[in-house]
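Engineer: My questions are about this predicted structure, shown below with the sequence.
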Amino acid sequence: MRLIFILLMGVVILAGAGIGYFMFLDESVAGYSEPGEDSHAQVAEEDPMALQYVELDALILPIINDNGVSQTISVVVTIEVDSQEKFDLVEHVKPRLADAFLRDMYGALSRQATLHGGVVKVDALKNRLKRVSKKVMGEEVVNDVLLQLVHQKRV
């Protein structure tokens, strides 16, 4: 009877800890945003057929600290545009975009600007990539930057 009580209390404590963790979790670390905050969802509701997506090759970056390479991060980025002309333009400058993304992320990751406790802050990374893409392509070309994959591997 005592063992059942101890096990039951353990389950209650773990459940409470899990609920507390997710209630107070920093949303930028989790990559969670409120449904109304997603701009590409609003465009998709207006005319879902108008949106086109340009997928870039995987970007693989090392995170280097005082001891050398501590982990690698792989990111697959897709650019959302709303016309065939913009799609063709982004397709044409994919190497330039990839270069700009790599340069920006190397700087951000080495300064730990997009990391929180060694974990990538997905929202911060997405915002940086969106800002870089608008700088390279112009404000009116890119609707959104979508992260298809963010993978971290400790070395």
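Structural biologist: Here it is on my side, so go on.

Engineer: Now do the same contact list for S133.
Structural biologist: I79, L97, A100, F101, V142, V145 (Cβ atoms under 8 Å, 6 or more residues apart in numbering). Yep, even glycine has a C-beta here, placed from its N, CA and C like the rest.

Engineer: Between the residues you listed, which sits nearest I19?
Structural biologist: V145 (32.4 Å; Cβ to Cβ).

Engineer: so how far is Q84 from that closest one?
Structural biologist: 19 Å (Cβ to Cβ, to the nearest Å).

Engineer: Name the residue in these two with the higher neighbour count.
Structural biologist: The residue with more neighbours, out of V145 and Q84, is V145; 23 against 10, by other Cβ atoms under 10 Å.

Engineer: That one: which element?
Structural biologist: Per DSSP states H and E, V145 falls inside strand 144-154.

Engineer: could you dump that strand to PDB, C-alpha only?
Structural biologist: Provided in PDB are the C-alpha atoms of strand 144-154 (Å, rounded to 0.1, in the frame of the first residue of the first chain):
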ATOM      1  CA  ASP A 144       7.900  34.600 -45.400                       C
ATOM      2  CA  VAL A 145      10.800  32.300 -44.500                       C
ATOM      3  CA  LEU A 146       9.800  28.800 -43.500                       C
ATOM      4  CA  LEU A 147      12.100  26.500 -41.500                       C
ATOM      5  CA  GLN A 148      11.500  22.900 -42.800                       C
ATOM      6  CA  LEU A 149      14.100  21.400 -40.600                       C
ATOM      7  CA  VAL A 150      16.300  22.500 -37.700                       C
ATOM      8  CA  HIS A 151      18.600  19.800 -36.400                       C
ATOM      9  CA  GLN A 152      21.300  20.100 -33.800                       C
ATOM     10  CA  LYS A 153      24.000  17.500 -33.200                       C
ATOM     11  CA  ARG A 154      26.500  17.700 -30.400                       C
END
